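Q: Dropping a prediction and its sequence here:
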Amino acid sequence: MVPTVPHPRRPLDPSDPVRWWYENELGWPTVPGAPPRLVTGVRFDVLDVPAEAGHAALRHLGPGSPVALHGGHAAGGGGRMRFLVAAGSADELPGLLDWLEWGTLTLDIAAIGAGGSIEAPEPPGRAGKAGRPGITPLASLVNSQGCGQGDADSRGNARETGPQGAAVWLRPPEPGCEVEPSLPTMSALPELPAVGGVGGAPDLVRLVDTMATQCHRVRLRRVSAQPLAFS
């Protein structure tokens, strides 16, 4: 086996601890400029759905599968859920929806892959703490729970929230844990090695089918709630 050489770590920039955390603690590339954004299509792709539809899909994830919330709050106050999935999944989505017989319907599912980016949520433990607003000292980010534990309660709700409308982690990534084995993928099989001690890699097919079903239900509910127009 060819040994894996880790990416070189960048020198700590005290003025941008959020970018430092992503690039040096997780090894995730970011887009130059402010505010920090995470590059998609390298370590992961992203499926973006209404939070109302995304809650039902959380059950298909492993304990280490990261999920972000943007524009809402963890208690269910709207916004969008962003599910990290295996790199290349964005290109698979149209064909997968066709295979699942959802391809003829307009569904509120966005796929962000190679060449894209998403807003970088505040790292766990930083929102509203000491330091500059919304930032805590880097030493407080050390995770002693081990891979697969996450920073969410038993229902998958984030323990912390940031400013209203800002991106936050509903299920955060963990330093020292490779993210790829925990991501939903088309090649997920029961015989794959366990992730975080529970099950194998999450199945992208089941995840997308649940997302599509819930998005369709949300759309039908909103249409039925609209007042009838009479000529």
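A: Perfect, thanks for sending it.
Q: which intervals of the chain have sub-threshold pLDDT?
A: Segments of the chain classed as low confidence (criterion: pLDDT under 70) are 1-14, 72-77, 126-165, 188-201, 226, 228-231.
Q: can you do 80?
A: Applying pLDDT under 80 to the predicted model, the residue ranges of the chain that meet it are 1-15, 72-78, 125-165, 187-201, 223-231.
Q: need the longest helix for it.
A: In the chain, taking DSSP state H as the definition, the longest helix is helix 204-225.
Q: elements contacting that helix?
A: Judged by 3 or more Cβ pairs under 8 Å, 6 or more residues apart in numbering; DSSP states H and E, helix 204-225 is in contact with strand 45-50, helix 51-57, strand 80-85, helix 89-99. In short, each C-beta sits where N, CA and C put it, glycine included.
Q: any idea which of the ones you listed is most buried?
A: For those, the stretch with the most neighbours on average is strand 80-85, a mean of 26; neighbours defined as mean count of other Cβ atoms under 10 Å.
Q: Just checking: what are the partner strands of it?
A: Applying DSSP bridges, strand 80-85 is found paired with strand 45-50 (antiparallel), strand 67-70 (antiparallel).
Q: residues in contact with the longest helix of the chain?
A: 47, 49-50, 52-54, 56-57, 59-61, 83, 85-86, 89, 92-93, 96-97, 100, 102, 105-109, 184-186, 188 (Cβ atoms under 8 Å, 6 or more residues apart in numbering).
Q: can we see that at 7 Å?
A: Contacts of helix 204-225 from elsewhere in the structure, counted by Cβ atoms under 7 Å, 6 or more residues apart in numbering, are 47, 49-50, 52-53, 56-57, 60, 85-86, 89, 93, 96-97, 100, 102, 105, 107-109, 184-186, 188.
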